[in-house]
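Student: My questions are about this predicted structure, shown below with the sequence.
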Amino acid sequence: MEVVQVLRMNGGLGETSYANNSLVHRKVILMTKPITEEAITQVYRSVDAIANRFCIAELGCSSGPNSLVVAAELINVVHQLSRSHDRQLPEFQILLNDLPGNDFNSIFHSLLPKFRAQLNQEMGSKSTPCFVYGVPGSFYGRLFAANSLHFVHSSYSLMWLSKVPEGVEKWNKEEIYIGSRSPAPAINAYYSQFRQDFRTFLRCRLEEVVEQWC
Ligand SMILES: C[S@@+](CC[C@H](N)C(=O)[O-])C[C@H]1O[C@@H](n2cnc3c(N)ncnc32)[C@H](O)[C@@H]1O
């Protein structure tokens, strides 16, 4: 069976769910926050008038508080920039992607209402429409229409390869991971699969990001 059909984080909101066991991942998002904010600021400044629609994709969103945390932060930054540049706040589209087995129901059922409440609180009367969609599928293929995304974010997800590297079981004593003591051919097999996957990922996003920023 294809890995995209079986891989998923533990759904729901229980004790063993990803939602309750993703603090390390949250830390990484916090550590990279200045880079993300700088990137969205550059995107905002690089266009004369951002279209009245601003489209953000979160790839490998999983299901938990991290799924929407970056989108909330990005909206906040665009909100502040719009105010300081005296520009109209655009409408937002948030596209949440993960593999089909991901627990999208928990996101829309439990997490989205909190996200909306927080947004309304922060924006007050300046609130703007924010449309959130689930996009199940592998980010190693096309997910979105050509020329449609303004900003793509992904954290702690691209180390998941599209498939088990070829021949790895031969060198890796049937381990399903590599470590510092793994034999060189096993490490090279993972590395080469990563290069191939990452190239595919970038090619797909190149089609999808609006032309101005390619
Ligand atoms: C460790 S979680 C990180 C989740 C979230 N970004 C965070 O920082 O908490 C990795 C996520 O990537 C997703 N993922 C892995 N391979 C993927 C693929 N090819 N396409 C889309 N999502 C993928 C997994 O299903 C999982 O939900």
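Tutor: Done, it's in.

Student: Any residue of the helix or strand where residue 153 lies touching the ligand?
Tutor: Secondary structure here is read from DSSP states H and E; on that basis residue 153 sits in strand 151-154. No: in terms of Cβ under 6 Å from any ligand atom, no part of strand 151-154 sits within range of the ligand; the closest distance is 6.7 Å. In this view, the C-beta of every residue, glycine as well, is placed from N, C-alpha and C.

Student: Would you check the distance separating that strand from the middle of the chain?
Tutor: Counting by Cα atoms, centre = their mean, to the nearest Å, strand 151-154 is centred 5 Å from the centre of its parent chain.

Student: What is it packed up against?
Tutor: Helices and strands touching strand 151-154, by 3 or more Cβ pairs under 8 Å, 6 or more residues apart in numbering; DSSP states H and E, are helix 33-45, strand 53-59, helix 66-84.

Student: could these go into TSV alongside mean pLDDT and distance to the ligand?
Tutor: Shown next, in TSV, are the helices and strands packed on strand 151-154 (pLDDT from 0 to 100; distance: least, Cβ to the nearest ligand atom, whole Å):
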stretch	mean pLDDT	distance to the ligand
helix 33-45	92	12
strand 53-59	95	6
helix 66-84	93	3
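
Student: among these, which is the most enclosed?
Tutor: With neighbours defined as mean count of other Cβ atoms under 10 Å, these peak in mean count at strand 53-59, which reaches a mean of 22.

Student: what's in contact with that one?
Tutor: Under the contact criterion Cβ atoms under 8 Å, 6 or more residues apart in numbering, strand 53-59 has outside partners 67-68, 70-71, 74-75, 78, 90-98, 135, 139, 143-144, 148-154, 157, 208.

Student: Quick check: can you name the pairing partners of that strand and their directions?
Tutor: Strand 53-59 has these partner strands in its sheet, going by DSSP bridges: strand 91-98 (parallel), strand 151-154 (parallel).

Student: Give me the neighbour count for residue 98.
Tutor: The burial metric for residue 98, expressed as a neighbour count using other Cβ atoms under 10 Å, is 26.
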